[in-house]
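Asks: Attaching a predicted model along with its sequence, questions to come.
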Amino acid sequence: MARITFIQAIFEGLIEEMERDPSTFVLGLDVTRGTFGRAAGFFERFGPERILDMPLSEAGFVGAAVGAAMAGTRPICEVQFASFFYCAFDQLCNQAAKLRYMSGGQARLPITFRTRCGAVGGAAAQHSETVYPQLLSVPGLKLAVPSGPADAKGLLKSAIRDDNPVVVFEHLALGGSREEVPEGEHLVALGKAAVKREGRDVTVIAIGAMVPKALAMAQRLASDGISVEVIDPRTLIPLDEQAILASVSKTNRVVIADEAHLHGSAASEIGCMIAEKGFDYLDAPIKRVAAMDAPVPFSPPLEKAVIPGEQAIERAVREVLG
Amino acid sequence: MARITFIQAIFEGLIEEMERDPSTFVLGLDVTRGTFGRAAGFFERFGPERILDMPLSEAGFVGAAVGAAMAGTRPICEVQFASFFYCAFDQLCNQAAKLRYMSGGQARLPITFRTRCGAVGGAAAQHSETVYPQLLSVPGLKLAVPSGPADAKGLLKSAIRDDNPVVVFEHLALGGSREEVPEGEHLVALGKAAVKREGRDVTVIAIGAMVPKALAMAQRLASDGISVEVIDPRTLIPLDEQAILASVSKTNRVVIADEAHLHGSAASEIGCMIAEKGFDYLDAPIKRVAAMDAPVPFSPPLEKAVIPGEQAIERAVREVLG
Amino acid sequence: MDIGKELLLEMYRRMQRIRQFETRLKDLTIRSEIPGFIHLSIGEEASAVGVCAALRPTDRITSTHRGHGHPIAKGGELKRMLAEIYGRRTGYCKGKGGSMHIVDYSLGILGANGIVGGGIPIATGSALAARVMKRDDVTACFFGDGAANEGTFHESLNLAGVLKLPVIYVCENNGYQVFTSAASVTAGGSIAARAQAYGMPGFALDGNDVLEVYRYASNAVARARAGEGPTLLECRTYRWEGHVVGENAFGGRPYRSEEEVAAWKARCPIVQFEKRMLESGRVSREELDQLIAQTQAELDAAVEFARSSPLPDPSEAAADIYG
Amino acid sequence: MDIGKELLLEMYRRMQRIRQFETRLKDLTIRSEIPGFIHLSIGEEASAVGVCAALRPTDRITSTHRGHGHPIAKGGELKRMLAEIYGRRTGYCKGKGGSMHIVDYSLGILGANGIVGGGIPIATGSALAARVMKRDDVTACFFGDGAANEGTFHESLNLAGVLKLPVIYVCENNGYQVFTSAASVTAGGSIAARAQAYGMPGFALDGNDVLEVYRYASNAVARARAGEGPTLLECRTYRWEGHVVGENAFGGRPYRSEEEVAAWKARCPIVQFEKRMLESGRVSREELDQLIAQTQAELDAAVEFARSSPLPDPSEAAADIYG
Ligand SMILES: Cc1ncc(C[n+]2csc(CCOP(=O)(O)OP(=O)(O)O)c2C)c(N)n1
Ligand SMILES: Cc1ncc(C[n+]2csc(CCOP(=O)(O)OP(=O)(O)O)c2C)c(N)n1
Ligand SMILES: [Mg+2]
Ligand SMILES: [Mg+2]
């Protein structure tokens, strides 16, 4: 196992899957050169027939991915920033998500969408959103939010092999994070949460870039004798309700940390699910830690005020512990 | 007060506001003729200078509404079906919702979007969605979901006077519903829930077309001695948390009825908010009644299986009553 | 271009199938046997058939909300279509799609679409797939004059132009976007002329002349198959019926004159085609009548099939969401 | 067209302001004083200034992610711009917008935009508002060659064409969409020629010649103000710098040759303009040097202002969401 970055892990998975299945191909803006990191020789390996630069036209090329999938290929479609997906929401929500169902199962839509999300410092509101909340209520899609290199590779590989449209949200702040990543056949099932740290006193369910923050906080609180369990759902559709409920049934207290805006966040969905199905386990109110309900501001001190950090998770944990 | 239909009430409000403020104008598809009902003489009254038929180009004309608002008018922009909004999501979510904030408060965006949502029998997945769940996590927007004629008029009038983008979701199934509607200056504040029926035993929070279903059910259950309180939030952004929590503090049991797909629904947001801020009031798990997580199918028996009805609310109520 | 008799009769048969299917459908809808929105293409049969006659079975098409004619022209089964429109489990989509979403993968019918302009990127992607898979299948993309104003039209034609994709864009200009005249919302006046902006040939045709459509489509298909890129065909035609069955219920001022409708009906694509075939002497009235009768019988059977087919079980709603 | 000396000098001053502002900004960004993405328009000053010089103060503009030149050309204050880019509360947007979102309502600067193509419908709507309010203000809409492939371009130009809206579409074709050459993703080859599809005049200009841009823009503005409708101007120009400051960190193969960059630098819009003015004898070197020095001083003051301005208080994040 090599210690590699998130971006390297993504490309490792990408290359393995593209070599495995000749019906896969990549389309997006500047994909032949790669705007946000790349693997050396990636383009040379697969050439212009399987790595296609697109004109600036998100609806057009996301829709082209839909049509190409319906015609028998497995497109890997890159949308540079998650906020740009809005330009293609019809193709994503009305077409990719629904066509299999509306065709009575005839259409196969094995599409992997790669996109970058989250606040990274001074990118402002149109380049800093999570966007997955806008897709939680779109059945037909799957949503993966890896929190580190190994999951990124494993989830991406599963996404590419999946026969459904899967959007993989790569948090910009995680791009350079490093860990040991299994080489070759490393698959992370879509719909399987991970217990990132075991604990007894409180469950912190953390999504994407909130996972390393939760783990750092858990580490710190351990010295205060507080035992925090950190659960990473890894995919928001499907959601591993079992794993979440199992943890809550043990700790009886829950904090949900999500970088999305609070209102309508994935934290809200998970929280309500627990209040419905795990109510009897709960000894304290559910506590969400999420972004303020404001567009993400540019200026660093403002961004910091909007985006939740380690401290906010810690405060919430201490609060539910009473 | 006249007993008029939902559509008549909408047009009453529209005409009053357009007469009141000459900077208002209507743009959308076929607005000069009206696709889904109209007021007699509506077009003749305001003429082609204030009622503008658009080419088929949702992103273009929703964006034109944004620009026209920034330039000092108060556009009333019609998007025929809520699912067509996906074609204009960038203009709605990246532009209309954010430009005021990103400009440090310089941009004024007094835009009213009228759209139709919900399942009406055999319109299939691309014409039957609620769509408001996809906007819950978009700060900068306001979302109104009237459940009857009087609220429709009052919310629409408030929306038109509001200096922010407000989307008014008119449920197709409510179009012909009738009730007494105050003439003239009847405003319903955005962010003010209504207690549609008082009760003691359980709170049913119902959204849009679920409100009449909840009221019918409450009426029936009264004869079994069950006293149901029905709360209609009326707007999802802003959400009247106070009113909701006040009701739950009284009944200690809550069912949330929403026609949206369960996962990521407005019901989830409201439910989690209660589990966070009203946990100590709760004597039973929160129960959501919502659509199945499947695209809305065409065939009536399938549609019926997906869209929640009165029975589903009743079952949930009986369940939380134990 | 010499068109064999067999093909002539086949084109005629398909036009009859569309006409009869939709005429019956209108009737059944008015009688409330059918839920949902029904958009008829009566009067527009020539473009669907002329284009699809130029395609191979492995070629693909995308259709629109007005989506019965194109699948029939590509060979779709009337009974599975009608069963779908009736919401039966024996329908093409098991009752999940309905009138606006007819699909038959085995025939390359990728689907009708309830979103205007929604099918244009999909057709373009289908053509891209042929390129990626090194196949020479062609995709025909049907859409209306209204759809030509959607952003997806521009983005797709640009992409196809740049990559020289094997796709034929077929704009059925029936003069209206619901109640709004195309002329009043289409800048520049000509949709065909927009092709130039994308470096592809564009032609405005008599969309009521099935042979003219077939001729242009055949050339376009040959070009596409040879790797020479896309073509835009604007077929000028007319819908005889309302935008949607029952549009009169919407009330409102009339949006087209009786004279206009009558003039177009006088140019019926089927009658004109019949006349030419009969005048050429290659085809007899009896042969045509036989086809008409066959179609009639087939349609009767289809109605019977749809009516007697079971509705889906509510439990089936949960199937087919994911694969 | 006879251009008065005052206007010539004013155009020169604005070009200098852009050039110096961005040159300094590049330096400050490399020195890590500035967060976020910084897109420079050095080399493209003539199109911004030539167009804005043809506008009145009450006319409006929309800009792009490469959004410093246009606001400066429309009269924006350097110090409030720089303070914004520094994320200070004294900035145009109180630190909420940053480099990609400069706005000054009082000057008709409706905003830069982080979404490529996002400003095109907004400019069109601004022109629509003038129509609705019966004012004769004109809106100029800046966007790049890449944006001309977005659906919003098509939808907006069609709408403006149909309604004959008072808007000037200014495509700054700098040859690249990030690392991808415009030629490789733009079907049809000419963006100006696309105007025909929308029934409006379209012209390809030397975007490095401020006087040519001014001339065409003035005609377009006059047309628009007279109610004769929109115009598309394609200004052929070049960005000297990378797509974004620090693009080399992205690594990857080079996407343009040194010769190409050098050839365009040899056609510097400012140097060319200087030369013509000096050759005409209407303007002296001293006059120009004085403007340069003034700008320099103004810029020094702006940097000082930005650096010394307070950062916003975290509590301010909650303000300005709703009005
Ligand atoms: C994106 C979108 N906007 C609006 C509609 C509503 N609508 C359905 S059909 C139609 C008119 C389409 O006109 P055209 O493309 O000319 O096709 P035609 O109906 O004439 O065959 C409209 C506006 C829709 N289905 N999708
Ligand atoms: C909708 C959208 N897609 C992609 C991007 C990322 N992006 C930022 S600038 C740019 C290139 C724009 O090219 P062009 O319009 O020619 O403007 P230029 O950068 O050359 O000035 C891209 C792809 C974006 N900001 N918005
Ligand atoms: Mg039409
Ligand atoms: Mg460019």
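Replies: Perfect, I can see it now. Ligands and ions are numbered 1, 2, ... in the order given.
Asks: where does chain C dip in pLDDT?
Replies: Applying pLDDT under 70 to chain C flags the ranges C:1, C:250-252.
Asks: interface residues of it facing chain D?
Replies: Within chain C, the positions adjacent to chain D are C:149-155, C:157-162, C:184-189, C:193-194, C:196-200 by CB under 8 Å from any CB of the partner chain. In this view, the C-beta of every residue, glycine as well, is placed from N, C-alpha and C.
Asks: In PyMOL, how would I select just the buried ones from those?
Replies: The buried residues among these can be selected in PyMOL (16 or more other CB atoms under 10 Å in any protein chain shown) with this line:
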select buried, chain C and resi 149+150+151+152+153+154+155+157+158+159+160+161+162+185+186+187+188+193+194+196+197+198+199+200
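Asks: Can you tell me the SS state at the residue of chain A found nearest ligand 4?
Replies: Each residue of chain A has a distance to ligand 4, by CB to the ion, and the smallest belongs to A:Leu56, at 9.1 Å. For A:Leu56, the assignment made with DSSP: H, G, I helix; E, B strand; the rest coil gives coil.
Asks: and what of C:Cys141?
Replies: Three-state secondary structure (criterion: three-state DSSP) places C:Cys141 in strand.
Asks: For the residue nearest to it when sequence neighbours are not counted, the count of nearby residues, please.
Replies: Leaving out its chain neighbours, the residue that sits closest to C:Cys141 by CB to CB, 6 or more residues apart in numbering or on different chains is C:Ala123, at 3.3 Å. Here the count is done by other CB atoms under 10 Å in any protein chain shown, and C:Ala123 has 32 residues near it.
Asks: so what's the backbone phi/psi at C:Ala123?
Replies: Backbone torsions for C:Ala123, taken as degrees, to the nearest 10, come to phi -60, psi -40.
Asks: Surely it and C:Val138 touch.
Replies: No: the pair formed by C:Ala123 and C:Val138 falls short of the contact definition of CB atoms under 8 Å, at 10.3 Å.
Asks: what's the overlap in contacts for the two?
Replies: Shared contacts of C:Ala123 and C:Val138, defined by CB atoms under 8 Å, 6 or more residues apart in numbering or on different chains, are found at C:60, C:167.
Asks: doesn't B:Asp30 make contact with C:Phe179?
Replies: Yes: look at C:Phe179 against B:Asp30 with CB under 8 Å: they come within range, at 5.0 Å.
Asks: what residues does the stretch 151-300 of chain C put near chain A?
Replies: Contact residues, the stretch 151-300 of chain C versus chain A (CB under 8 Å from any CB): C:151-152, C:154-156, C:158-159, C:162-163.
Asks: residues of stretch A:257-269 that come out buried?
Replies: Using 16+ other CB under 10 Å as the burial criterion, the residues of stretch A:257-269 that qualify are A:257-269.
Asks: For C:Gln290, grab the count of nearby residues.
Replies: 13.
Asks: A:Leu141 now?
Replies: A:Leu141 - counted by other CB under 10 Å - has 24 other residues nearby.
Asks: same question, C:Arg267
Replies: Other residues within reach of C:Arg267, judged by other CB under 10 Å, total 14.
Asks: Spell out the secondary structure type for it.
Replies: For C:Arg267, the secondary-structure state derived from three-state DSSP is coil.
Asks: So what does it have for phi and psi?
Replies: phi -100, psi 40.
Asks: The closest residue to it other than its chain neighbours and ligand 1: what is the separation?
Replies: When the adjacent residues along the chain are set aside, C:Arg267 lies closest to C:Asn208, with 5.3 Å between them (CB to CB, 6+ apart). Separation of C:Asn208 from ligand 1 (CB to the nearest ligand atom, to the nearest Å) stands at 15 Å.
Asks: What count of nearby residues applies to C:Asn208?
Replies: Every residue meeting other CB under 10 Å relative to C:Asn208 is counted, giving 25.
Asks: so what's it up against?
Replies: Under the contact definition (CB under 8 Å, 6+ apart), the residues listed for C:Asn208 are C:43, C:46, C:236-238, C:264, C:267-269, C:272.
Asks: Let's see that with 10 Å instead.
Replies: With contacts defined as CB atoms under 10 Å, 6 or more residues apart in numbering or on different chains, the neighbours of C:Asn208 are C:43-47, C:50, C:235-238, C:264, C:267-273.
Asks: now do the same end-to-end measure for stretch C:176-191.
Replies: Between the opening and closing residues of stretch C:176-191 lies a distance of 13 Å (CA to CA, to the nearest Å).
Asks: wait, does that stretch contact chain B?
Replies: Yes: Stretch C:176-191 lies in contact with chain B when judged by CB under 10 Å from any CB of the partner chain; the contacting residues are C:177-182, C:184-187.
Asks: Show me the helices in the chain, by range?
Replies: By default, I'm working from chain A. Listed in chain order, the helices found in chain A under DSSP state H are A:6-20, A:42-50, A:58-70, A:89, A:99-102, A:149-161, A:210-222, A:241-251, A:266-277, A:300-306, A:310-321.
Asks: looking at chain C here, not the other one
Replies: Counting by DSSP H, the helices of chain C are C:5-30, C:45-52, C:69-73, C:78-85, C:119-132, C:151-163, C:182-185, C:210-225, C:258-265, C:269-280, C:285-308.
Asks: Next, the buried residues of the longest one.
Replies: Think helix C:5-30. C:8-9, C:11-22, C:24-26, C:28-29.
Asks: Contacts only, for the closest residue to C:Ala301 other than its chain neighbours.
Replies: Nearest-residue entry for C:Ala301: C:Lys79, 6.5 Å, with adjacent residues in sequence omitted and distances by CB to CB, 6+ apart. With contacts defined as CB under 10 Å, 6+ apart, C:Lys79 is in contact with C:88, C:90-92, C:298-299, C:301-306, C:309.
Asks: one step back: when you check chain B, which of the buried residues of stretch A:257-269 turn up near it?
Replies: Checked against chain B using CB under 10 Å from any CB, the buried residues of stretch A:257-269 give the following subset in range: A:260-269.
Asks: Just send these back as a markdown table, with pLDDT too.
Replies: Putting these into a markdown table (pLDDT from 0 to 100) gives the following:
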| residue | pLDDT |
| --- | --- |
| A:Ala260 | 98 |
| A:His261 | 98 |
| A:Leu262 | 98 |
| A:His263 | 98 |
| A:Gly264 | 98 |
| A:Ser265 | 98 |
| A:Ala266 | 98 |
| A:Ala267 | 98 |
| A:Ser268 | 98 |
| A:Glu269 | 98 |
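Asks: ok, now which ones touch the one residue in the stretch 151-300 of chain C that gets nearest to chain B?
Replies: For the stretch 151-300 of chain C, the nearest residue to chain B under the criterion CB to the nearest CB is C:Val185, separated by 3.8 Å. For C:Val185, the residues meeting the contact criterion (CB under 10 Å, 6+ apart) are B:29, B:53-57, C:145-146, C:148-149, C:176-177, D:158-159, D:161-163.
Asks: if we go to 7 Å?
Replies: If a contact means CB atoms under 7 Å, 6 or more residues apart in numbering or on different chains, then C:Val185 has B:53, B:55, C:149, C:177, D:162 as its contacts.
Asks: Tell me the one of those nearest ligand 1?
Replies: Nearest to ligand 1 among the contacts of C:Val185, counting by CB to the nearest ligand atom, is C:Gln177 at 4.0 Å.
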